[in-house]
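J.: Here's my sequence, what's the structure:
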Amino acid sequence: MNSLRTLLFAPGDNLHRMARAVATEADAVVLDLEDAVAPESKPVARHHVREFLAESTREGVYVRVNAVGSDDYRSDLDALGAVIGSAAGLLIPKVESAAQLLELDADLRSLESEHSTQIPLPVLAILESAAGILAAQSIAHAPRVQCLVFGTLDLAAELGVTPTVTGEEYLHARSHLVLVSRAAGLAGPLDGPHTRVDDPVELEASAQHARSLGFGGKVIIHPAQIAPVHAAFAPSEAELIHAQAVVDAYRQAQVSGIGAVRLPDGTFIDRPVVVRAAALLGLEPEKVHV
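T.: Sure thing, here's the model as predicted:
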């Protein structure tokens, strides 16, 4: 259930921006064939992305195709063809039902069989409408889904709300995606982009708020956003110190045969708290036992 902290988008019709994106330290890169590409530029974008996948050795390169069922979606899959297995996965926009992903699964099975692709291609499902948010539980359990992505901008337009830095206007929707992701055994969902590229303070505040709700990472639209988002989704020094104190107290209690574990500040801890502390320290929960 490893989370992607940063998902950097680059338009598929811009070779310079694609090359720049894959050279960054973003956890994953998305070569975009959808909204970042004008309709008249989609054929050249498909050609560029196909060539890029054939030649790139960078791990974590995803492709955002157009919405399932659209003419552009069919053209995208046809163009990717033999190189589709070179992608880390597909981002699917405008997902509003599990049925769309079942259709996608059938199409990908056909492509994978035709081109002898051994590993089924994972899918990141973008939920960017009220219908998509309400259908999130079934979408999270659909075939191939690796992670849910929160489409903030489209949802804001549909709901008629103005996006804010901390996104209280999305609180219910965000929390819903976190709950259904965990219930389906998925990593924390990815938050939508912060569009003010020149304001790293706002960006980090937005990312920290998403992390506090249980999100695993954030979509980003410029390389300058990588470091602030990575910082926001990393444990703070205070969190690490507290986590180490929890693990140490738990281990000492085991040695002493004590059931109830109490920290020096008077806080009692139990197994779920220890599991969380172990995760922050990069430990497997079973390795906390002495």
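J.: show me where pLDDT drops low in the chain?
T.: For the chain, the stretches flagged by pLDDT under 70 are 1-2, 257, 259-260, 285-290.
J.: Apply 80 and report the result again.
T.: Residue ranges of the chain with pLDDT under 80: 1-3, 118, 236-246, 248-268, 270-272, 274-279, 281-290.
J.: can you give me the helices for the protein?
T.: Shown for the chain, the helices assigned by DSSP state H span residues 15-22, 42-55, 71-80, 98-114, 130-134, 136-140, 152-159, 171-183, 200-213, 226-232, 237-256, 271-280.
J.: how about the ones you listed, which one is nearest Leu263?
T.: helix 237-256 (5.6 Å; Cβ to Cβ). For the C-beta atoms, the positions are set from N, CA and C on the backbone; glycine is no exception.
J.: Report the angle between that closest one and helix 271-280.
T.: With axes from the mean of the first three to the mean of the last three Cα atoms, to 10 degrees defining the directions, helix 237-256 sits at 130 degrees from helix 271-280.
J.: Packing partners of helix 237-256?
T.: Here helix 237-256 touches strand 261-262, strand 268-269, helix 271-280, going by 3 or more Cβ pairs under 8 Å, 6 or more residues apart in numbering; DSSP states H and E.
J.: For Val197, give me its contacts.
T.: Applying Cβ atoms under 8 Å, 6 or more residues apart in numbering to Val197 gives the contacts 221-222, 224-225.
J.: Try it again at 10 Å.
T.: Neighbour list for Val197: 203, 220-225 [criterion: Cβ atoms under 10 Å, 6 or more residues apart in numbering].
J.: Quick test: name the residue nearest the centre of the protein.
T.: Nearest to the mean C-alpha position of the chain, by Cα atoms, centre = their mean, lies Leu190 at 3.7 Å.
J.: Just list whatever residues bridge to it.
T.: Val149, Gly217 (DSSP bridges).
J.: wouldn't it be in contact with Ile126 here?
T.: Yes. The criterion here is Cβ atoms under 10 Å, and Leu190 meets it with Ile126 at 9.0 Å.
J.: shared neighbours, those two?
T.: 91, 148-150, 219.
J.: Same list, these, but as CSV with neighbour count and distance to Asp107 please.
T.: Formatted as CSV, the shared contacts of Leu190 and Ile126 follow (neighbours: other Cβ atoms under 10 Å; distance: Cβ to Cβ, whole Å):
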residue, neighbour count, distance to Asp107
Leu91, 26, 15
Leu148, 28, 20
Val149, 26, 20
Phe150, 27, 25
Val219, 25, 25
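J.: which one of the residues you listed is nearest Arg5?
T.: Proximity of these to Arg5 (Cβ to Cβ) peaks at Val219, which lies at 10.8 Å.
J.: Identify the residues contacting the closest one.
T.: Residues counted as contacts of Val219 (Cβ under 10 Å, 6+ apart) are 4, 6-9, 30, 91, 124, 126, 149-153, 190-194, 225, 229.
J.: what residues does stretch 272-287 touch?
T.: For stretch 272-287, the external contacting residues (Cβ under 10 Å, 6+ apart) are 234-236, 239-240, 242-251, 253, 261, 263, 267, 269, 271, 288-289.
J.: hmm, 8 Å instead?
T.: Taking Cβ under 8 Å, 6+ apart as the rule, stretch 272-287 contacts 235, 239-240, 242-244, 246-247, 250, 261, 288.
J.: now swap in stretch 102-118 and tell me
T.: Residues outside stretch 102-118 that contact it (Cβ under 8 Å, 6+ apart): 68-69, 77, 80-82, 84-85, 90, 92, 120-121, 123, 142-144.
J.: Would you indicate which residues of it are buried?
T.: 104-105, 108, 111-112, 117 (16 or more other Cβ atoms under 10 Å).
J.: what separates that stretch from the chain centre, distance-wise?
T.: Chain-centre distance of stretch 102-118: 23 Å, with Cα atoms, centre = their mean, to the nearest Å.
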